[in-house]
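Chemist: Just the structure for this:
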Amino acid sequence: MDSQLAQYAPVLILLGLAVAVTGGMLLGSHLLSKAARRSKTKDTAYECGMPPVGVGTPRLSVKFYLVAMLFILFDIEVVFLYPWAVVFKEMLADPATANLIFFGMVSFLGVLFVGYLYAIRKRAFDWKS
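Modeler: Take a look at the predicted model:
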């Protein structure tokens, strides 16, 4: 039992070191911030020597976020498709698993294709509207 607990000693040391370093950084920044004198001029944004004009973060259309989420969805599809393509040739050796792996990927791509058609029908890719 002692040997099992000894295996966790490096993890506990690392955890303690992480907590100590984080606490030290927070304490140090707190102590140094009291020493620094702040003013409104020092706290303003500085960009290329020009005073800031307007809102710092303009509002973006919901379409932008929708297209970004759809990109992530279809990008993750490639993450699943690549390992399948790598092992597919090996899986063809066994006829029982060949049909399973092939039709499993066909059904996965079918669901994604239906989602793609739904996005087209809802005009998710149309930037003008």
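
Chemist: residues of the lengthiest helix in the chain that come out buried?
Modeler: When the chain is parsed with DSSP state H, its longest helix is helix 62-91. By 16 or more other C-beta atoms under 10 Å, the buried positions in helix 62-91 come out as 67, 77, 91. In short, each C-beta sits where N, CA and C put it, glycine included.

Chemist: Can you list the low-confidence ranges for this structure?
Modeler: Applying pLDDT under 70 to the chain picks out residues 1-2, 34-37, 47, 51-52, 56, 129.

Chemist: So which residues of it form helices?
Modeler: Going by DSSP H, the chain shows helices at 2-7, 9-35, 40-43, 62-91, 95-121.

Chemist: can you list the ones you listed in a markdown table and add distance to Val55?
Modeler: Output for the helices of the chain, formatted as a markdown table (distance: least, C-beta to C-beta, whole Å):
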| stretch | distance to Val55 |
| --- | --- |
| helix 2-7 | 54 |
| helix 9-35 | 27 |
| helix 40-43 | 17 |
| helix 62-91 | 17 |
| helix 95-121 | 31 |
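
Chemist: To Val53, which of these lies closest?
Modeler: helix 40-43 (16.3 Å; C-beta to C-beta).

Chemist: roughly how far is that closest one from the heart of the chain?
Modeler: Its chain's C-alpha centre and that of helix 40-43 lie 34 Å apart, by C-alpha atoms, centre = their mean, to the nearest Å.

Chemist: One more: stretch 110-119?
Modeler: Counting by C-alpha atoms, centre = their mean, stretch 110-119 comes out at 23 Å from the chain centroid.
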